[in-house]
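Visitor: Here is a sequence with its predicted model. Questions after.
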Amino acid sequence: MNAPTPPERFDNATAARWWHALPDGRLQCDLCPRECRLHAGQRGLCFVRAREGERMVLTTHGRSSGFCVDPIEKKPLNHFHPGSRVFSFGTAGCNLACKFCQNWDISKSREMDRLMDQASPARIADAAVQSGCHSVAFTYNDPVIFAEYAMDTADACHARGVQTVAVTAGYIHAEPRRALFAKMDAANVDLKAFTDHFYMQQTGAHLAPVLDTLAYIHHETDCWLEITTLLIPGANDSTPEIEALTRWVHTQLGPEVPLHFTAFHPAYRMGDVPPTPTQTLQRAREIGLAQGLRHVYTGNVRDPAGATTSCTGCGAALIRRDWHAITAYALDAQGACPQCGTRLAGRFGAGLDPRALGNRRIPVRLQAA
């Protein structure tokens, strides 16, 4: 006799936090503002949070789309232990629907078979140490949707003296936001534009929750914050919008928060849009500096001036970069300018890695346990 068919289960699933049952029998996910409401067997828009029986589960806990050792500048983080190595990984799925996604093969994937590498939080922390990494980054897709896995991994990393980095769009509700960023040492948040129209049309989300996340991280946590805005020709690169964005960063977060303007390259559903001209990034940088921001960078292009970190006291060049490679480094161990003693905003002390990767990234495969 055949055994009875068991109830639907998801491999590698772990109980999810932040959900509740509705009177109509559905389960509502309370992780992000989408608030997906699921019938039996359904998944949320992110595809990795699902209903299993009468509970919500995270289906990707312990599974990754791959691991790499990167320079920390690639995240991009220019004021968080410059020159150090970061152990990077992600899972699959995303809670935004960006038409211009640069990692669409991972973040838009609904193929769990892409999650080739399995690793417990402890094994990831061990691999980071063995790889000579100062930190672990949750990246490639958004750690918001695998928050439980990221938090468990952060605990394991901190136990081994390894710091943690979230690369995120910041689309998350208040309660999980408190829990997630309490365990992060640094974050780079994608501020994708500065109009709700852009967010609705291009990402299927809204601007306000992202601004709330930025303000919360900067004012309510010890997590070091940097911001990235990908400028897309004709979509979010107008002078008035850049002025509004940089004014908000200055008035709501302060002049010391680094802001990165990066170049769009045709991808996903916006393959017919041309790449961002370097001049557009340089204009955005000039606007940010004119608004009073002290650290505005350009990215995804070769622009020496836009990659240089300067002293806010005397103007001396403290860190020179060629893409992600540091070519000159003048800070002392406390992050101070050797000429005038002004402390640079950021997190320092790890020291420039003598094995600095420059522009390279090194893929890593974790062996089966």
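Guide: All right, it came through fine. Residues are numbered from 1 along each chain as shown.

Visitor: wait, isn't residue 57 in contact with residue 17?
Guide: No: contact between residue 57 and residue 17 fails when scored by C-beta atoms under 8 Å: they sit 10.6 Å apart. (C-beta placed from N, C-alpha, C; glycine too.)

Visitor: gap between stretch 40-49 and the chain center?
Guide: 22 Å (C-alpha atoms, centre = their mean, to the nearest Å).

Visitor: ditto for stretch 138-148
Guide: 8 Å.

Visitor: Show the end-to-end separation of that stretch, please.
Guide: Using C-alpha to C-alpha, to the nearest Å, the end-to-end distance of stretch 138-148 comes to 12 Å.

Visitor: outside of that stretch, which residues touch it?
Guide: 14, 16-17, 31-32, 46, 48-49, 58, 60-61, 65-66, 75, 88-96, 103, 106-107, 150, 153, 164-172, 176, 179-180 (C-beta atoms under 8 Å, 6 or more residues apart in numbering).

Visitor: Mark which of these are buried, thanks.
Guide: Buried by 16 or more other C-beta atoms under 10 Å: 16, 31-32, 46, 48-49, 58, 60-61, 65-66, 75, 88-96, 103, 106-107, 150, 153, 164-172, 176, 180, out of those.

Visitor: Among these, name the ones in strands.
Guide: Of the buried ones among the contacts of stretch 138-148, the ones assigned to strands by DSSP state E are 49, 58, 66, 88-90, 164-168.

Visitor: could you pull out the strands for the stretch 201-350 of the chain?
Guide: Assigned by DSSP state E, counting those that start in this stretch, the strands in the stretch 201-350 of the chain fall at 224-231, 259-263, 296-299, 309-310, 317-322, 325-329.

Visitor: which of the residues in the last one are buried?
Guide: What that stands for is strand 325-329. Going by neighbour count (16+ other C-beta under 10 Å), the buried part of strand 325-329 is 325-326.

Visitor: other SSEs contacting it?
Guide: Counting contacts by 3 or more C-beta pairs under 8 Å, 6 or more residues apart in numbering; DSSP states H and E, strand 325-329 is packed against strand 317-322.

Visitor: quick one: strands adjacent to the strand it packs on?
Guide: If you go by DSSP bridges, strand 317-322 pairs up with strand 309-310 (antiparallel), strand 325-329 (antiparallel).

Visitor: average model confidence for the last one?
Guide: Model confidence over strand 325-329 averages 91 on the pLDDT scale.

Visitor: related to what we said a few turns ago, so which of the strands paired with strand 317-322 gets nearest residue 122?
Guide: When the strands paired with strand 317-322 are ranked by proximity to residue 122, the top entry is strand 325-329, at 31.4 Å, counting by C-beta to C-beta.

Visitor: remind me which residues of the stretch 51-200 of the chain are low pLDDT?
Guide: Across the stretch 51-200 of the chain, the ranges flagged by pLDDT under 70 are 103-117.

Visitor: for it, what spans make up the helices?
Guide: Assigned by DSSP state H, counting those that start in this stretch, the stretch 51-200 of the chain shows helices spanning 104-107, 121-130, 147-159, 174-181, 196-198.

Visitor: Residues touching the second one, excluding its own?
Guide: With C-beta under 8 Å, 6+ apart as the test, helix 121-130 has contacts from 67, 87, 89, 119, 135-136, 149, 152-153, 155-157, 159-162, 364, 366, 369.

Visitor: what about residue 154, neighbour count?
Guide: 26 (other C-beta atoms under 10 Å).

Visitor: Can you give me every residue that contacts it?
Guide: Applying C-beta under 8 Å, 6+ apart, we find residue 154 in contact with 136, 164, 183-184.

Visitor: Select from the residues you listed every entry located in strands.
Guide: Assigned to strands by DSSP E, the following of those qualify: 136, 164.
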